[in-house]
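A.B. asks: Okay, predicted coordinates and the sequence, questions at the end:
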Amino acid sequence: MTRAETTRATLLRDRIVQQVAELGFDAHGLHVLAGDDEAGHRWTEDVREDIHSAAKGVCVLAVGLAIDDGLITMDTTLGAVFPEVDFGEGTADVTLRHLLNMTSGVDLPWSPTLLSDWPDLALEFLSRPSRGRVFQYSNASTYTAMRALETRVGDVGDYIEQRLLTPLGIHDAPWERCPRGFIAAGGGLHLRTTELARIGRLIRDRGRWGGEQLLSPEWIDAMHTEWVPSGTGDGYERYALAGWDGPGAAWRLHGAYGQLVIFAGDAVVTITAEDHEGADRIAASVSSLLTDTAG
């Protein structure tokens, strides 16, 4: 550990804390990783909170593990996984890749009761037609991807805990489940700020943790290189397997209400919060700071 790394991590932390105050952002926790040095700050009690759509990144890591195990591929179609389903037009040809990068073209909008709106959310998703390989962001897409993975690994929540979370030192993290007992997938995973930061470190280090390669580095790279255009606004122009391109030179996992894991070079900034409207502003601010202090 060098003095420069220590100074950069604490400098970043202190400047982010200052900008949180200036922007009036309702942050709960902050963790900064720069090189091998870490620094943190809390505004509220250190408890596990829903990381919302940042959980999509955890689901993508689970698929990477299963691919490494030879259990599934990104080109596996829904028709191959669910041969008995009555599919909507074109949906049987949707692949696991399309589900994870949100290009299934299947429209199933989010609602607060999404997991219980239908007797089986995955079957509802599969019964709808696909409009082709167009971007259509949907929690139901990630949920269906995890239902597909379930056919190969058993209970996905257990698989993630055993193969991913436990090696990271994260134990008994609660994950919301649908009435049928399957993980919510697109959200509902409760982690502490520092636990989410461990996932950020794993991603930054291309799947390596504590001297062990937990999953293929090429899979990690795909999380921020296999971009597809989203057709949405600033900071949301491109999406790749749970990651958004930007702001600026950074890329990020982004959950509702300000759950952020922001990557730039060898630095990772993890924020948990309760501020949906202010999240884009703080993400842009952090990205700028990371660029200015790049190591």
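C.D. replies: That came through, no problem. Numbering: from 1, shown residues only.

A.B. asks: Please parse this protein into its domains.
C.D. replies: Using automatic domain parsing, the domain parsing of the chain gives 1-47+192-295, 50-189.

A.B. asks: Worst mean pLDDT among those?
C.D. replies: Set side by side, the domains of the chain give their lowest mean pLDDT on domain 1-47+192-295, at a mean of 92.

A.B. asks: Check for me that I262 belongs to a helix.
C.D. replies: No - membership of I262 in a helix is not supported by DSSP: H, G, I helix; E, B strand; the rest coil, which gives strand.

A.B. asks: number of nearby residues for it?
C.D. replies: Per other C-beta atoms under 10 Å, the neighbour tally for I262 reads 27. C-beta: built from backbone N, CA, C; applies to glycine.

A.B. asks: what does the one 5 residues further on give?
C.D. replies: The burial count assigned to A267 is 26, neighbours taken as other C-beta under 10 Å.

A.B. asks: how about the nearest residue to it, chain neighbours excluded?
C.D. replies: Distance criterion C-beta to C-beta, 6 or more residues apart in numbering; nearest residue to A267, sequence neighbours excluded, is A34 at 4.6 Å.

A.B. asks: measure stretch 74-93 end to end?
C.D. replies: 12 Å (C-alpha to C-alpha, to the nearest Å).

A.B. asks: Please tell me how far S116 sits from I262.
C.D. replies: According to C-beta to C-beta, to the nearest Å, S116 stands 33 Å off from I262.

A.B. asks: swap that for S53, please
C.D. replies: The value you get for S53 to I262, if C-beta to C-beta is used, is 14 Å.

A.B. asks: What segments of the stretch 1-150 of the chain are helices?
C.D. replies: 3-23, 55-68, 78-81, 96-100, 121-127, 139-153 (DSSP state H, counting those that start in this stretch).

A.B. asks: next one: stretch 33-42 to chain centre, how far?
C.D. replies: Relative to its chain's centre, stretch 33-42 lies at 20 Å (C-alpha atoms, centre = their mean, to the nearest Å).

A.B. asks: Tell me what the residue nearest to A267 is bridged to.
C.D. replies: Listed beta-bridge partners, A34: D37, A267 (assigned using DSSP bridges).

A.B. asks: Near it, how many other residues are there?
C.D. replies: A34: 27 neighbours (other C-beta under 10 Å).

A.B. asks: Go ahead and confirm it touches T7.
C.D. replies: No - A34 is beyond contact range of T7, at 9.1 Å (criterion: C-beta atoms under 8 Å).

A.B. asks: so who does T142 touch?
C.D. replies: K56, C59, L99, L100, A185, G186, A242 (C-beta atoms under 8 Å, 6 or more residues apart in numbering).
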